[in-house]
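[1] predicted model and sequence follow; I will ask about them next.
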Amino acid sequence: MKRVYLDNAATTPLDAEVIAEMTNVMQNFYGNPSAIHALGREVRTLVEKARKTVSGLLNASPSEIFFTSGGTEADNTAIRCGIAAYGIKHAITSKIEHHAVEHTLAMLLKDGVINKLSFVNIDEKGNIDYNHLEELLQNNERSFVSLMHANNELGTLTDMEKVGDICEKYDAIYHADTVQTMGHYRHDVRKLKAHFIVCAAHKLHGPKGVGFLYVNSNIKIPPMIYGGAQERNMRGGTENVYGIVGLAKALEVAYGEMEQHQTYIQGLKDYLKAQLIAEIPGIAFNGETETDKSLYTVLNVSFPEMDMADMLLFNLDINGICASGGSACSSGSNIGSHVLNAIKADPNRPSVRFSFSKYTTKEDLDYVLEKVKMVVKQNALA
């Protein structure tokens, strides 16, 4: 049976160049990077070379890049340590953020670290209300703002530069969750005015279990993990050397191929969208889908009401199609997607997120279309 992988927003396959780079390090470099002997110094050089590669691609200083176990740790560090460092009591976010942000801020509120958590208004496509963001900043004490660059379920993009300008006007600390867009768009930290941005390597054909946090040099935060002097006393624990090397190579490859991959993947997304509209009556889409407003790797499809809607993903899976999805909450026992709930998506329409990569082909999409049409027809309401 043919298998088609369209869940790249969840994780991506490793790039061959990344595998080769990591394999070389695994086979030939095993010293502890904190050791002072020659073998340790060799490995320390690899870590610092990777840091320099990452910082160069972001137009940052190497001292502003801290390697982590992934995006969740990076988000937690930015939020917890950023708020602690400046004694901030008011935070602003949205109701469609990743749980790494939403749950962290909710816990800080519950624990009394912050005393107020505000949610900026969003529209039915997940767009941020920038005027409301400014109102919240204007009417509260100094704030911590956490808003993602691209929503992981919808693909809707937020204007990071605009948010940065607004935050700068009110002296707010700005954290942007860039997990879904790192390696897919160019991030110049000297233009963004963000104090924190983050990365998870496995979202851009790198290894799982490694990421980084960019911390603007104008602010200082305490460590989140204690126990060693690694990462310039900011993150205790022996570095994931193989992962760090793989991350840097993955980001380097992504930047080198970015424009051609943007064009190629956007073409695939547009093709699937057009074919779904043509072939399935009543099809719709969650979030923005226009090129300049939407992450080109994600298409969230809202299917017509059908029998056994909760089995849609299962039916795709047994046909060899890997995707993800969900629904808005339709009952107290069905938690559903917090993102789809927040944009007030129709709870009776099942949704599937198809997400693409440079390895996706048009033939893959033709197979998906064939199977989707079959499943929809089989489960159509009488």
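    Everything's here; your move. Residues are numbered from 1 along each chain as shown.
[2] all helices for the stretch 51-200 of the chain, in order.
    Using DSSP state H, counting those that start in this stretch, the helices of the stretch 51-200 of the chain run over 71-86, 99-110, 130-138, 160-169, 189-192.
[3] buried ones in the fourth one?
    So the one you mean is helix 160-169. By neighbour count with 16 or more other CB atoms under 10 Å, helix 160-169 contains the buried residues 160, 163-164, 166-167. Placement of C-beta: from N, CA and C, glycine included.
[4] from these, pick the one nearest Asp292.
    Taking CB to CB as the measure, Asp292 lies nearest Met160 of the buried residues of helix 160-169, at 13.8 Å.
[5] surely the closest one touches Ala176?
    Yes. Counting by CB atoms under 8 Å, Met160 does reach Ala176; the two are 5.5 Å apart.
[6] overlap in contacts, those two.
    149, 192, 194 (CB atoms under 8 Å, 6 or more residues apart in numbering).
[7] kindly reformat the residues you listed as JSON lines containing distance to Leu272.
    Written out in JSON lines, the entries for the shared contacts of Met160 and Ala176 read as follows (distance: CB to CB, whole Å):
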{"residue": "His149", "distance to Leu272": "23"}
{"residue": "Leu192", "distance to Leu272": "31"}
{"residue": "Ala194", "distance to Leu272": "32"}
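[8] which among these gets closest to Asn300?
    His149 (16.4 Å).
[9] let me know how buried the closest one is, in neighbour terms.
    For His149, the count of nearby residues is 24 (other CB atoms under 10 Å).
[10] OK, contacts around it?
    Residues counted as contacts of His149 (CB under 8 Å, 6+ apart) are 157-158, 160, 176-178, 180-181, 185.
[11] what of Gly56?
    Shown here is Gly56, which makes no contacts under the criterion CB under 8 Å, 6+ apart.
[12] returning to what we had before: need the max-distance pair from the contacts of His149.
    With distance counted by CB to CB, no two of the contacts of His149 lie farther apart than Asp177 and Tyr185, which are 13.6 Å apart.
[13] looking at these two, which is more packed in?
    Neighbour tally, Asp177 and Tyr185, criterion other CB under 10 Å: the higher count belongs to Asp177, 28 against 17.
[14] where do the strands sit along the chain?
    When assigned using DSSP state E, the strands of the chain occupy the ranges 4-5, 65-68, 90-93, 116-119, 143-146, 173-176, 196-200, 211-215, 284-286, 298-302, 321-322, 324-326, 351-355.
[15] so where's the stretch 251-382 of the chain shaky on pLDDT?
    Applying pLDDT under 70 to the stretch 251-382 of the chain flags residues 326-335, 381-382.
[16] how many residues are close by the residue nearest to Val198 when sequence neighbours are not counted?
    With CB to CB, 6 or more residues apart in numbering as the measure, Ala74 is the residue that lies nearest to Val198, at 3.8 Å, once sequence neighbours are left out. For Ala74, the tally of surrounding residues (other CB under 10 Å) stands at 29.
[17] wait, which of the buried residues of helix 160-169 is closest to Lys220?
    Using CB to CB, Cys167 is the member of the buried residues of helix 160-169 that lies nearest Lys220, at 17.8 Å.
[18] any idea how far Ser302 is from the closest residue to Thr289 other than its chain neighbours?
    Taking CB to CB, 6+ apart, and ignoring the residues beside it in sequence, Thr289 has Lys273 as its nearest neighbour in space, at 6.3 Å. Lys273 sits 12 Å away from Ser302, going by CB to CB, to the nearest Å.
[19] overlap in contacts of those two?
    Common neighbours of Lys273 and Ser302, counting by CB under 8 Å, 6+ apart, are Phe285.
[20] more neighbours: which of these two?
    The neighbour comparison of Lys273 against Ser302 (other CB under 10 Å) goes to Ser302, with 20 against 16.
[21] and the nearest residue to the more buried one once chain neighbours are set aside, how many neighbours does it have?
    On the basis of CB to CB, 6+ apart, the spatially nearest residue to Ser302 that is not a chain neighbour turns out to be Ala284, at 4.3 Å. Residues contacting Ala284 under the criterion other CB under 10 Å number 16.
[22] residues contacting Ala284?
    Contacts for Ala284 were tallied using CB under 8 Å, 6+ apart; they are 301-302, 349.
[23] so which of these comes closest to Ala201?
    Of all those, the one sitting nearest Ala201 is Val301; the distance, using CB to CB, is 27.6 Å.
[24] how far away is the closest one from Arg349?
    From Val301 over to Arg349 (counting by CB to CB), the distance is 10 Å.
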